[in-house]
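In: Turn this into a structure:
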Amino acid sequence: MSASEPRRRVPSVDALLRGEPGKRAARSLGRPVVKLALQHTLEDVRAAAAKGVEPPDDDEILARALALASDAATGLTPVINATGVVLHTGLGRAPLPEDAALAAARAAVGYSDLEVERVTGRRGRRTARAELLLRSLTGTGSALVVNNGAGGVLLCLAALAKGKQVLVSRGELIEIGGEFRIPDIMAASGAKLVEVGTTNRTRAKDFRAALTERTAMILKVHPSNYRVVGFTAEPAVADLAAIARGAGVPLLYDLGSGLLERRPGVPAEEPSVAEALGQGADLVVFSGDKLLGGPQAGIVLGRDDLVERLRRHPMARALRMDAMRVAALETVLGAYARGGGADLPVWRMLREPAEEVRRRAARLAEALDGELEGARVAACASTVGGGSLPGFEIPSWGVEVRVPDPPAMAARLRTGRPSVFCRVAETSVLLDLRTVPEDRIAHLARAVQYALEGDDVEDD
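Out: Just a heads-up that it's a prediction; the model follows:
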């Protein structure tokens, strides 16, 4: 059979839309959405047919397209995170506390004093309250809040070093998720990257030797998603700060994960915001949706004059936050101000004793008892995730479910209702209970049962 024969049997978009199932789908989900989903699906079918693969029947093609269209039409779907990755980037990183989520919802459904001072009636700054809280929590001179951490770094480079040189250790030319690379962000800002030292060993004298009259900044990047171990060396922040002061240029410290304050159990090599500022960094940048436990945000703290230059840069407006995230961030920072930072969902999960997690795992296993053979409580290790604390594992417990085809089981869990994300091993799937709260255990048990039966159940 020639490759052209399977291609001839691939139906057209219009033919599928004219059929009664296609018409019903168009009425339910919207014709433009269904049409585009069919186009994407048929592209894959045609590509396979070009290699001689027999195309599926029309009903299967339509079903594939409708799964894509339905996913787009229904928007974000709540999921149960049974991976044990606390700051799971794909699942939204830090879950917000309930009061922060409610604050965001209130900001979304009506008007708010986002950019107006109620006392004077004059125009205000949308992140003024969040910035005041940040200043009070860290003792820093000024604060600026933008869309995300990468945006904060880009703004600092564009506003303070465009067309000039920025010194960075070769061991800190990081790449984070989505192929965000320091050299690329440097190029986008207009600054000129100058690599200093070697991948594993960079010393203070290397930075001194690299200084020129065109140097505008020293950039230190915390390797928050990897570790360089073995024969290594790096200059202390205080030493870099002294070199920067001597050269009359700022030291920018990209902390990444944003540990606001030192907490018990956190590895010493994870720097806190307070420590970075205390060691002499002129500007510190970090994310809001990692160890801070808030919404996506980029937070810049430091010297008044430098932050003011950032605030006045045209890029700052393009990177500003929306009202919902401003409201959520204010609520999370307010919790820190009242001494309740340890009670945020992220820190509750990170610090929960393993024995408590084991009890939840036992309850899940009990709920599955009689429905499933081969389910057992198993010790495991959770991770922080989100580009934070690489290599740091937290003792945990989960339920291991032995199945003939673990990847297929994981796929059924992901596409069920409720949607469940788990870990996949060679002969089983593992449900890590550290990231599953008590009130989701019954839902998780039903999801596992229905995934095994090849059906799904509506989440309550």
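
In: Heading C-terminal from the helix or strand hosting Arg325, find the next helix or strand.
Out: Assessed by DSSP states H and E, Arg325 sits inside helix 323-337. Toward the C-terminal end, the helix or strand that comes next after helix 323-337 (DSSP H and E) is helix 345-351.

In: Which secondary structure elements does the next helix or strand after that following helix sit against?
Out: Scanning forward in sequence from helix 345-351 by DSSP H and E, the next helix or strand is helix 354-368. Counting contacts by 3 or more Cβ pairs under 8 Å, 6 or more residues apart in numbering; DSSP states H and E, helix 354-368 is packed against strand 375-385, strand 388-402, helix 441-453. (C-beta placed from N, C-alpha, C; glycine too.)

In: Redo those as JSON lines? Include mean neighbour count.
Out: As requested, the helices and strands packed on helix 354-368 are exported to JSON lines (neighbours: other Cβ atoms under 10 Å):
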{"stretch": "strand 375-385", "mean neighbour count": "19"}
{"stretch": "strand 388-402", "mean neighbour count": "21"}
{"stretch": "helix 441-453", "mean neighbour count": "20"}
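
In: which residues touch the nearest residue in space to Glu352 that is not next to it in sequence?
Out: Take Glu352 and drop its neighbours on the chain: the residue closest to it by Cβ to Cβ, 6 or more residues apart in numbering is Arg434, 6.8 Å away. Listed by Cβ atoms under 8 Å, 6 or more residues apart in numbering, the contact set of Arg434 reads 84, 86, 349, 352, 357, 382, 394, 396-398.

In: Pick out the most distant pair among those.
Out: The distance between the two most remote of these (Cβ to Cβ) is 14.8 Å, for Val86 and Trp397.

In: any idea how far Val166 lies from Glu330?
Out: 32 Å (Cβ to Cβ, to the nearest Å).

In: typo on my end, Phe231
Out: Taken as Cβ to Cβ, the span from Phe231 to Glu330 is 46 Å.

In: Have a look at those two and say which one is more surrounded.
Out: Glu330 (22 against 7; other Cβ atoms under 10 Å).

In: Go through stretch 186-199 and flag the buried ones.
Out: When neighbours are counted by 16 or more other Cβ atoms under 10 Å, the buried residues of stretch 186-199 are found to be 186, 189, 191-197.

In: What is the nearest of the residues you listed to Lys51?
Out: Met186 (42.0 Å).

In: Show residues contacting stretch 24-36.
Out: Contacts for stretch 24-36 (Cβ under 8 Å, 6+ apart): 13, 17, 22, 62, 65-66, 69-70, 72-73.

In: Distance from it to the middle of the chain?
Out: 31 Å (Cα atoms, centre = their mean, to the nearest Å).

In: Now the terminal residues of that stretch, how far apart.
Out: 16 Å (Cα to Cα, to the nearest Å).

In: before we move on, what about stretch 15-25?
Out: Span of stretch 15-25 from end to end, Cα to Cα: 14 Å.

In: hmm, back to that, just so I know, which of the helices and strands packed on helix 354-368 lies nearest Leu38?
Out: Among the helices and strands packed on helix 354-368, helix 441-453 sits nearest to Leu38 (Cβ to Cβ), with 27.5 Å.

In: now the strands for the stretch 151-300 of the chain?
Out: Here the stretch 151-300 of the chain has its strands, by DSSP state E, counting those that start in this stretch, at 165-169, 175-176, 180-181, 192-196, 215-221, 251-256, 283-287, 298-302.

In: Mean pLDDT and distance to Thr120 added to these, as CSV?
Out: As requested, the strands of the stretch 151-300 of the chain are exported to CSV (pLDDT from 0 to 100; distance: least, Cβ to Cβ, whole Å):
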stretch, mean pLDDT, distance to Thr120
strand 165-169, 96, 40
strand 175-176, 72, 42
strand 180-181, 78, 40
strand 192-196, 96, 44
strand 215-221, 97, 37
strand 251-256, 94, 34
strand 283-287, 96, 30
strand 298-302, 97, 26
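
In: Next, format the ones you listed as CSV and append distance to Leu132.
Out: Converted to CSV, these look like this (distance: least, Cβ to Cβ, whole Å):
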stretch, distance to Leu132
strand 165-169, 30
strand 175-176, 29
strand 180-181, 30
strand 192-196, 35
strand 215-221, 27
strand 251-256, 21
strand 283-287, 17
strand 298-302, 12
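
In: closest to Ala101 out of those strands?
Out: strand 283-287 (18.5 Å).

In: which other residues reach that closest one?
Out: In contact with strand 283-287 (Cβ under 8 Å, 6+ apart) are residues 140, 148-149, 152-153, 156, 250-258, 273, 276-277, 292, 296-303, 306-307.

In: likewise stretch 105-124?
Out: Contacts of stretch 105-124 (Cβ under 8 Å, 6+ apart): 125-126, 323-324, 326-327.

In: could you point out which element follows the longest helix seen in the chain?
Out: Longest helix in the chain by number of residues, with DSSP state H as the criterion: helix 31-49. Sequence order places helix 58-74 as the next helix or strand after helix 31-49, per DSSP H and E.

In: Next, the angle helix 31-49 makes with that following helix.
Out: 130 degrees (axes from the mean of the first three to the mean of the last three Cα atoms, to 10 degrees).

In: pLDDT at the closest residue to Gln279 other than its chain neighbours, what is it?
Out: Once flanking residues are discounted, Gln279 sits nearest to Val237: 4.0 Å by Cβ to Cβ, 6+ apart. The model reports Val237 with a pLDDT of 95.

In: which residues of the stretch 301-450 of the chain score low on pLDDT?
Out: 370-373 (pLDDT under 70).

In: Can you give the domain ranges for the chain?
Out: With domains defined by automatic domain parsing, the chain comprises 4-74, 79-92+347-453, 98-340.

In: Between the two ends of the second one, how far is it?
Out: In this case it means domain 79-92+347-453. This stretch, domain 79-92+347-453, spans 20 Å end to end (Cα to Cα).

In: next one: that domain to chain centre, how far?
Out: 19 Å.

In: now the last one
Out: The gap between where domain 98-340 is centred and where its chain is centred comes out at 16 Å by Cα atoms, centre = their mean.
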